[in-house]
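Novice: take a look and give me a structure for this.
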Amino acid sequence: MFREMLKGLLMGTLTGMTPGIHVNTLAELGVTSSFPALFAMGLTHTFLDAIPAAFMGVPDDGSALSLLPAHRLILQGKGREVVEVAMWASFLAVVFSIPLSYVYRVIAPMYRPEFGVAAVVLLAAILILGEKKGKRTKALAIFLVSGILGFAVFHNGSLNEPFYHLFTGLFGIPVLITASSSSPPSQKKGYGSVFPVDIWRFSFIGTILGMVASLVPTMTASMAASLAVSASEGERPFLAVVYSVNTSNFLFGVINYHLTGRTRNGVAVAMKAAGIDAVSTPEILLMGVLVGVLAMMVGFVAGEGMVRALSKVNYRVLNATTFVLLLALSMKFDGIYGLWVILAAAGIGYTAQEWGVRRTSCMGVLMLPIIFEGIVPAL
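Specialist: The predicted structure follows:
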């Protein structure tokens, strides 16, 4: 088992540190075929995906909301602080999941699909009405257009990697375009600026939100984290919420699969497709702590490597190379149609960015289809 966990840790490091490669992609391709390996890969990814998202601007759905706060710290020369918050917040989410799992085992089997539709409608209203008055119409427009794109993509059903094209386009490429016009300053030396005592309550909030997100289909980590904006003013507290939501969402998603058989993330989908049963909740949590410790250690080393690399590479060339790589992967996965989807999504995401609208409005790409599917049959 430990050997399989180490294999998963290695694969999770690869997906977490490689821009545009999501852990779901490798899981669905059957790169690993045991529960310990798949679990370790997915959990490790939630620790490490914060690093390329912060330094290179290429997120997945779980780390998209962290981009601007993380970039602000990097532009202040506090790149190491971003790494430190990400590692501690993620690990604290694993720790807080232990007592919360007792509550989760009661409420998870009680969940019904109609609860999810109602929750998505409520969340959509919060995301749009939460904008300033002058931007609500623009937020609604972004929500609807991204939703129409999502509806078209999912109902077509011909893409092998729809989430890659949609999320990389909506959240990753617009930031790469913007970041190409500037270079980050030298990063301050040393760690130790942030301790768990400074962020534990924000990580606890994020863990609860991630737990809720694991129950509601289409409610991603970024959506859940957006609910905590008012409770986490400032870059560091906000990042603590976002990073802990991401880890908690994955961990409880696996527990949900064990308890109910429902799949709430790509790794759980891969497990179910391969006929792999989840181990018991205590075993999941024990594995979570072990993998979490190892992932945090790897994250500090990888983060230091990224910080040092920033001072030795041309940032514009790096972003341009990443941009070309993402488009090439889109072509590899789904040809011209995949390229069209990623560019269309990038246009929507860039428009939201230019309008000054919170990019969580782009989550209409998932929310509008689920609302439509849930409401129309009932009419």
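Novice: so what's residue 146 up against?
Specialist: Neighbour list for residue 146: 170, 345, 348, 361-365, 368 [criterion: CB atoms under 8 Å, 6 or more residues apart in numbering]. C-beta here means a position set from N, CA and C on the backbone, and glycine is covered the same way.
Novice: my guess is residue 296 contacts residue 44, does it?
Specialist: No. Residue 296 is beyond contact range of residue 44, at 9.8 Å (criterion: CB atoms under 8 Å).
Novice: which of the two has more neighbours?
Specialist: residue 44 (30 against 18; other CB atoms under 10 Å).
Novice: any idea which helix or strand carries that one?
Specialist: helix 35-48 (DSSP states H and E).
Novice: report the buried residues of stretch 290-300.
Specialist: 290-292, 294-296, 298-300 (16 or more other CB atoms under 10 Å).
Novice: whoops, stretch 160-168 was the one
Specialist: So, applying 16+ other CB under 10 Å, buried residues of stretch 160-168: 161-168.
Novice: now it: how far from the chain's centre is it?
Specialist: 13 Å (CA atoms, centre = their mean, to the nearest Å).
Novice: circling back: overlap of the contact sets of residue 296 and residue 44?
Specialist: The contact lists of residue 296 and residue 44 share no entry, where a contact means CB under 8 Å, 6+ apart.
Novice: please state the offset of the helix holding residue 44 from the chain centre?
Specialist: On CA atoms, centre = their mean, the centre of helix 35-48 falls 13 Å from that of its chain.
Novice: residue contacts, residue 214?
Specialist: 248-250, 252-253, 255-256, 264-265.
Novice: 10 Å instead, please
Specialist: Residue 214 makes contact with 104, 108, 111, 221, 224, 248-257, 262, 264-265, 268 under the criterion CB atoms under 10 Å, 6 or more residues apart in numbering.
Novice: check residue 37 too.
Specialist: Residue 37 touches 1, 3-12, 27, 31, 276, counting by CB under 10 Å, 6+ apart.
Novice: buried ones among these?
Specialist: 4-5, 7-9, 11-12, 27, 31, 276.
Novice: packing partners of the strand or helix carrying residue 334?
Specialist: Per DSSP H and E: residue 334 is located in helix 315-355. Other helices and strands packing on helix 315-355, by 3 or more CB pairs under 10 Å, 6 or more residues apart in numbering; DSSP states H and E, are helix 50-56, helix 136-156, helix 162-167, helix 173-179, helix 364-375.
Novice: what about it, distance to the chain center?
Specialist: Worked out by CA atoms, centre = their mean, helix 315-355 lies 18 Å from the chain centre.
Novice: could you check the angle that helix makes with helix 364-375?
Specialist: Angle, helix 315-355 to helix 364-375, by axes from the mean of the first three to the mean of the last three CA atoms, to 10 degrees: 40 degrees.
Novice: pLDDT of helix 315-355, averaged?
Specialist: Mean per-residue pLDDT for helix 315-355: 88.
Novice: circling back to that earlier point, closest one of the buried residues of stretch 290-300 to residue 137?
Specialist: residue 299 (40.7 Å; CB to CB).
Novice: which parts of the stretch 101-250 of the chain are helices?
Specialist: 113-129, 136-156, 162-167, 173-179, 196-213, 221-226, 235-260 (DSSP state H, counting those that start in this stretch).
Novice: JSON lines for those helices, including mean pLDDT?
Specialist: As requested, those are exported to JSON lines (pLDDT from 0 to 100):
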{"stretch": "helix 113-129", "mean pLDDT": "78"}
{"stretch": "helix 136-156", "mean pLDDT": "92"}
{"stretch": "helix 162-167", "mean pLDDT": "83"}
{"stretch": "helix 173-179", "mean pLDDT": "76"}
{"stretch": "helix 196-213", "mean pLDDT": "83"}
{"stretch": "helix 221-226", "mean pLDDT": "60"}
{"stretch": "helix 235-260", "mean pLDDT": "88"}
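Novice: which of those helices sits closest to residue 341?
Specialist: The nearest among these, by CB to CB, is helix 162-167 at 4.1 Å.
Novice: that closest one packs against which elements?
Specialist: Counting by 3+ CB pairs under 10 Å, 6+ apart, helix 162-167 packs on helix 23-28, helix 136-156, helix 315-355, helix 364-375.
Novice: the second one to helix 364-375, inter-axis angle?
Specialist: Orientation check (the same axes, to 10 degrees): helix 136-156 against helix 364-375 gives 70 degrees.
Novice: go through helix 136-156 and flag the buried ones.
Specialist: 138-143, 145-147, 149-151, 153-154.
Novice: just put those in a markdown table and tack on distance to residue 50.
Specialist: A markdown table is the format used below for those (distance: CB to CB, whole Å):
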| residue | distance to residue 50 |
| --- | --- |
| 138 | 28 |
| 139 | 26 |
| 140 | 30 |
| 141 | 30 |
| 142 | 25 |
| 143 | 26 |
| 145 | 28 |
| 146 | 24 |
| 147 | 27 |
| 149 | 26 |
| 150 | 25 |
| 151 | 30 |
| 153 | 27 |
| 154 | 27 |
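Novice: which one of those residues sits closest to residue 52?
Specialist: Distances from residue 52 to those, taken by CB to CB, are shortest for residue 146, at 23.1 Å.
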